[in-house]
Structure formats: structure tokens, C-alpha cells
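Peer 1: Quick one: sequence and predicted model below, then my questions.
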Amino acid sequence: MTLRLKLIFALSALATLTAASIGATAYQFMSARLDEEINQSLEQAVANAAVVVDALNTNPEALTGVTPVLDIREQLRSDEDLRVTLFEGRSGLAVSTSIDPMPVTERDWSLAQVGNRAGPWWREVTVEGEHFKIVTTPFEGGYAVQAARRLDEKNRVLGSIKNRTLVSVGLATAFSALGGWLIANRATRRLSGLTSTATQVAVTGRLDVPLPAEGTDEVGQLGAAFRAMLLALQESREAQTRLVQDAGHELRTPLTSLRTNISLLKRLDDLDDETRYQILADLESEARELSTLVNEIVELATASRQDETENLITLDKLVEQVADRAARRTNRQITVKHGSQSPIMGRSGAIERAVSNLIDNATKFSPPESEVEVTTGGTTVTVCDRGIGISEKDLPYVFNRFHRATEARSRPGSGLGLAIVQAVALEHGGSVQVTQREGGGTCVSITFPAIDTQAPPPFTTPPLIG
């Protein structure tokens, strides 16, 4: 069943149930009200007859003779719709206001014989196709009064209410179905447009298709979210395209060098030992640079860092271990200074990679005899070198992928190190800043957001550093 049909059925069912509930409530209320009026009229007739009974108890002979009986009949008569019968249990004499009195049953006679020791007897009967409500009330002295009233008026009123309720339910169902169709058609038309757009995106691969959903309701919000998703996908695709194009451009240089050196090695017999050694050293260097470049491209192109679990990290310990490894690997002097520390929540492997890139850049672009300084304080790690520095014109582009300053193009590197550092910082909600160092050189700082140390940290597995 489609959503449109579900909405139509739901609205129709709701309107039908509402109309039926209102009709049933009105029917029950009117039925109870009419019963109350009928009961009151019967009780009033019995109360009027009680005056006659009191007179008969004073003068039992009043039931004998035609004139007294006619007088009693007139006294019992209170309403044309009522049939009132007074009978005496011992003698079996009875006086009725109607020429067609209600039948007196054995229980009626027994109530008259029992007297006022029994309560009234209420019931509904059908006599010759007519529906009546009857009450028989015993009195002192062996008398009983039977009062009956037709229920035709009640049944007619209730029947009219029932018929009107059925008509109202039918009309409510029809109009609600029509209204439900209009509402469902309006609501699902935009959903159908979104479905068509999604199908078009899946078939054609285009992300610049127009979206039909407008408005501020839930469907409009869905359209806005879908539009934002398409924009994000388009930006991601464009970024991937740029990455592939830039990577292809950067890969051409080491690949060209490798092909040149391999071509020279084909003339191995014509080369002296020193030339062969130089060619092999170049091949090793180019292969190493190519491997580094490929690894960094994969690092930027995939979201593997986001799969790592976040842990509570203290920067001084992590930086100390990264600096020790870099010092052993490069045989350079790396000094680490620590200030007051604030713990952070992050992915230790990604942060370690970012700090390692900063230290590698510092050792790569500074003189071998110079010292690399690493400082931690709060949630910030700063790496300073005494290298060639970064010119003012290159500062705005240092975090661009594959960007390399003119002064650094002769040195090894892919131009992706700072781009990776910035990506790690942004993923953690932090930032990166590059400044010129006084006296020559560059300082790069990466800052992470602090966490609330008063709140208990979530349970996570301890970070594996090293």
C-alpha cells in the first residue's frame, strides 16, 4: 500500500470513528433522557393513583357501582399516552383508564395481594405489535396500580438519531476521503519528486539536479537535508577529482625520474661504478619518495582515521614518544618542553601522525646542525625550526594539497604533510596556525579543543602509543 493510500485510509477512518462516536454518544444520551422522562411520567401516574388508593382504603365500597367507578377512572386519568389500571387483589376488581387495558399477569395480582411489602415491578412488553413500558406498584390494603406508556415516540426519536448518525458517518467518510486525497496528494507529490530526483542521481550520477521540495514542514526539511547532502557529495567528488588530478601531476615527476634511471641502467656495461652507484641511490630515493607520496595520498583520500576509537589523551606523553622516534630515525637534536597540560579526547593514531608530520617537516627544512624545538602546553603542540622559513606570499597556501614553496621545491617532500595536519585538526574540532619564527625559521601550532575535566570521561580502551 502506498503512503498516499495509507494517509487517505487513516484520515477516513479517523473521521468515520469521530462521527460514529459522536452519533453513538448522542444516541445513548437521548435514549437515557427519554427513559428518564418516561419513568417520571409513570411515577407521576402512580403517585396520582396513590390518592385514589388512600380513599379506597377509607371507603372500600367505592369500587361498587357504576358512578363511583367512573369517578375513580377520571381520577386515575393523567395523560392520554398513559394506560393506568387499579386493581384489588382479594376481589379481583379492576378499574382502567383505557378501554383497551394492559393485560394483568399473575405477578401483578400477587403484588396486589402482598401489598406494600414489595417494591414496584418495571418491565418492557410488546402487546399486539406495540412496545410498552410498564410499572406495577403495590399499595396497602391489597391494591396495586399498573401504569403503562407506549415507547413508539422514544423509538421514533432514537431511530431518527440513528438514521442521521448513519448519514453523518457516510458524509464524514466521503468528505474525509476527499480531503485525505487532497492532503495526501499534496504531501506525497513532493516526496515523489524527491524519489524521482534520487532515482535520477542513482542512474545518471549527476549531483546538480534540481530538487522540487520546498517549504518549512517535514517534507521541506527533508528536501533541504537532501539538498545539503547532494552539495556535500558534490564537494566531496570535486575534492576527490582535484586530489586525483594533483596526485597524477605530482606522480609524474618521480615516475619520469624512475624511467630515466631505468633507461640508463639498461646501458649497465657502459657505466662506471660511480655512475651506477649514483643511479641506484637515485632510484632508492625516488622509490622512497614515491612510497611516501602514495601513503599520504591514501591517507587523505580515505576516512580510515575516523574509524579509530577516541580516547582520553595527554599530549606530553604522546609528543615525547613521537619526538624520541624522530630523533632516533633522523639523528637530529629534538628538544621537547612541556607546560601545564589539559587532557583532550581524540584518536591517538591520527594525532600522532599529525605531530610526526610537523616534526618531519622541521627536520627536513632546517639545517642538520640546528635544533628542532617542540613545546606542549594546554591543548596545543608547537613545533619550531631554524629552517628557510615560509615567505609571506606562500603563507596562505601552505595547507593546500601538493603546495610547495619555491624555496622548498628542491628538497624532498610531497606537499601533503601540512594538509594532513590540518585535516586531523579539523576532524577533532581544532585548528592549525603557521607563523614566522623570530631569527629565522617557522613555527607550526596545532590546537585541540579542551574537555570538561569535572565531568567523568566515557569509558574507552586505553590508547596504544608507540
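Peer 2: The structure has been received and is ready for your questions. Residues are numbered from 1 along each chain as shown.

Peer 1: Identify the bridge partners of Val444.
Peer 2: Under DSSP bridges, the beta-bridge partners of Val444 are Val383, Val434.

Peer 1: That one: how many residues sit nearby?
Peer 2: Residues near Val444, counting by other CB atoms under 10 Å, number 24. C-beta coordinates here come from the backbone N, C-alpha and C atoms, glycine included.

Peer 1: residues in contact with it?
Peer 2: If you count contacts by CB atoms under 8 Å, 6 or more residues apart in numbering, Val444 has them with 358, 361-362, 382-384, 418, 421, 432-434.

Peer 1: Any figure for the gap between Val209 and Ile351?
Peer 2: Applying CB to CB, to the nearest Å, one obtains 39 Å for the distance of Val209 from Ile351.

Peer 1: Tell me which of the two has more neighbours.
Peer 2: Ile351 (30 against 12).

Peer 1: In which helix or strand does that one reside?
Peer 2: Following DSSP states H and E, the helix or strand that holds Ile351 is helix 348-364.

Peer 1: Stretch 43-54: how far from the chain's middle?
Peer 2: Taking CA atoms, centre = their mean, to the nearest Å, the mean C-alpha location of stretch 43-54 is offset from the chain mean by 70 Å.

Peer 1: average pLDDT for that stretch?
Peer 2: The predicted model assigns stretch 43-54 a mean pLDDT of 84.

Peer 1: can you check stretch 441-453 too?
Peer 2: Rounded to a whole number, the mean pLDDT of stretch 441-453 is 84.

Peer 1: From Leu280, how far off is Ser12?
Peer 2: Ser12 sits 84 Å away from Leu280, taking CB to CB as the criterion.

Peer 1: what about those two, which has more around it?
Peer 2: Per other CB under 10 Å, whichever of Ser12 and Leu280 has more neighbours is Ser12, with 20 against 12.

Peer 1: So what's the residue count around the nearest residue to Thr330 once chain neighbours are set aside?
Peer 2: Nearest residue to Thr330, sequence neighbours excluded (CB to CB, 6 or more residues apart in numbering): Thr363, at 4.9 Å. As a burial measure, the neighbour count of Thr363 was computed by other CB under 10 Å and equals 22.

Peer 1: Same check on the one 3 residues further on?
Peer 2: The criterion is other CB under 10 Å. On that basis, Ser366 has 21 neighbouring residues.

Peer 1: mind starting the numbering at 842 from now?
Peer 2: Noted, 842 is the first residue going forward, which turns the last one into Ser1207.

Peer 1: just checking, it touches Glu1214?
Peer 2: No - with contact defined as CB atoms under 8 Å, Ser1207 and Glu1214 do not form a contacting pair (10.4 Å).

Peer 1: what touches both of the two?
Peer 2: Common neighbours of Ser1207 and Glu1214 (criterion: CB under 8 Å, 6+ apart): Asp1226.

Peer 1: Leu1153 and Gly1187, how far apart?
Peer 2: Distance check for Leu1153 against Gly1187: by CB to CB, it reads 9 Å.

Peer 1: out of these two, which sits in the busier spot?
Peer 2: Taking neighbours as other CB under 10 Å, Leu1153 and Gly1187 compare with Gly1187 leading, 27 against 17.

Peer 1: pull the helix or strand with minimum mean pLDDT from the chain.
Peer 2: For the chain, scoring each helix and strand by mean pLDDT, DSSP states H and E identifies helix 907-917 as the least confident one, at a mean of 59.

Peer 1: hey, C-alpha coordinates of the helix or strand that that helix is followed by in CSV?
Peer 2: Of the helices and strands lying after helix 907-917 in sequence (DSSP H and E), the nearest is strand 923-929. Extracted in CSV, the C-alpha atoms of strand 923-929 (Å, rounded to 0.1, in the frame of the first residue of the first chain):
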residue,chain,number,x,y,z
LEU,A,923,-50.8,6.5,29.7
ARG,A,924,-52.8,3.5,30.5
VAL,A,925,-53.4,3.2,34.2
THR,A,926,-55.1,0.3,35.9
LEU,A,927,-56.1,0.0,39.5
PHE,A,928,-57.0,-3.5,40.8
GLU,A,929,-57.7,-5.1,44.1
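
Peer 1: what's strand 923-929 in contact with?
Peer 2: Applying CB under 8 Å, 6+ apart, the set of residues contacting strand 923-929 from outside is 882-883, 886, 890, 893-894, 897, 904, 913, 917-919, 934-939, 941-943, 945, 949-950, 953, 973, 982-990.

Peer 1: Now with 6 Å, please.
Peer 2: Contacts with strand 923-929, where a contact means CB atoms under 6 Å, 6 or more residues apart in numbering, come from 886, 890, 917, 935-939, 942-943, 953, 983-990.

Peer 1: Next: stretch 863-877.
Peer 2: Residues from elsewhere that reach stretch 863-877, judged by CB under 6 Å, 6+ apart: 995, 999, 1002, 1006.

Peer 1: Adding pLDDT, write those residues out as JSON lines.
Peer 2: Converted to JSON lines, the contacts of stretch 863-877 look like this (pLDDT from 0 to 100):
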{"residue": "Lys995", "pLDDT": "85"}
{"residue": "Leu999", "pLDDT": "87"}
{"residue": "Ile1002", "pLDDT": "86"}
{"residue": "Thr1006", "pLDDT": "85"}
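
Peer 1: just the residues you listed now: which is nearest Thr843?
Peer 2: When the contacts of stretch 863-877 are compared for distance to Thr843, the smallest value, 31.6 Å, is given by Thr1006; criterion: CB to CB.

Peer 1: Please identify the helix or strand for that closest one.
Peer 2: Counting by DSSP H and E, Thr1006 is part of helix 993-1045.

Peer 1: same for that helix, what does it pack against?
Peer 2: Applying 3 or more CB pairs under 6 Å, 6 or more residues apart in numbering; DSSP states H and E, one finds that helix 993-1045 makes contact with helix 844-899.

Peer 1: now the helix it packs on against helix 993-1045, angle please.
Peer 2: 170 degrees (axes from the mean of the first three to the mean of the last three CA atoms, to 10 degrees).

Peer 1: ok now helix 844-899, how far from the chain's centre?
Peer 2: Centroid separation between helix 844-899 and its chain, computed with CA atoms, centre = their mean, is 45 Å.

Peer 1: the inter-axis angle of it versus strand 923-929?
Peer 2: Interaxial angle of helix 844-899 relative to strand 923-929 (the same axes, to 10 degrees): 40 degrees.

Peer 1: From start to finish, how long is stretch 976-991 in a straight line?
Peer 2: Start to finish, the residues bounding stretch 976-991 are 12 Å apart (CA to CA, to the nearest Å).

Peer 1: So which residues of the stretch 1142-1291 of the chain form helices?
Peer 2: Taking DSSP state H, counting those that start in this stretch as the criterion, the stretch 1142-1291 of the chain carries its helices at 1156-1171, 1189-1205, 1258-1268.
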